[in-house]
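>>> Sequence and predicted model, in that order:
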Amino acid sequence: MFVSEVDALVRQEQYKDLLGEAVHERLIRAARPRPTGSEGLYRKAANWLGIKMVRWGCNLLRSNTIPACCLQPQL
């Protein structure tokens with residue numbers, strides 16, 4: 001397969017564009033505030049609690065043990 005000079009120049013420009021995008025993404029990541037230790041701990045705790053609550057709700061639905069008053073919307 002023959003690669004022309006135009007193809008090589010196009011590919012070189014695409015490569016420069018990709019490098020520019022990568023640099024831009026790195027700058028955005030570097031400027032983004034990082035969570036401190038306690039923020040990360042709270043996020044993990046909230047995630048764990050959310051998972052446990054969803055599992056609990058799914059188990060209640062599966063076992064049909066939800067009281068009827070919980071199924072009707074409260075106005």
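Nice, thanks for sending it over.

>>> okay, now the domains of the protein?
Using automatic domain parsing, the domain parsing of the chain gives 1-32, 37-75.

>>> The ones you listed into JSON lines, with extra columns for mean pLDDT and mean neighbour count?
Backbone N, C-alpha and C define where each C-beta goes, glycine included. Listed next are those as JSON lines, based on pLDDT from 0 to 100; neighbours: other CB atoms under 10 Å:
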{"stretch": "domain 1-32", "mean pLDDT": "90", "mean neighbour count": "9"}
{"stretch": "domain 37-75", "mean pLDDT": "78", "mean neighbour count": "9"}
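
>>> Phi and psi next, for Lys16.
Lys16 adopts backbone torsions of phi -60, psi -40, taken as degrees, to the nearest 10.

>>> mind checking how far it is from Trp48?
Distance, Lys16 to Trp48, using CB to CB, to the nearest Å: 45 Å.

>>> ok, now Ile28?
29 Å.

>>> Ok, Pro33 next?
23 Å.

>>> which stretches of the chain form helices?
Using DSSP state H, the helices of the chain run over residues 5-31, 37-63, 68-71.

>>> can you give me the offset of the first one from its chain's centre?
The offset between the C-alpha centroid of helix 5-31 and the centroid of the whole chain comes to 24 Å, using CA atoms, centre = their mean, to the nearest Å.

>>> Look up how far Ala45 lies from Leu19.
Separation of Leu19 from Ala45 (CB to CB) stands at 40 Å.

>>> Kindly report the same for Ala31.
Ala31 is 27 Å from Ala45, by CB to CB.

>>> what does Met53 give?
Relative to Ala45, and taking CB to CB, Met53 is found at 12 Å.

>>> before we move on, what about Thr36?
14 Å.

>>> try Leu27
Leu27 is 31 Å from Ala45, by CB to CB.
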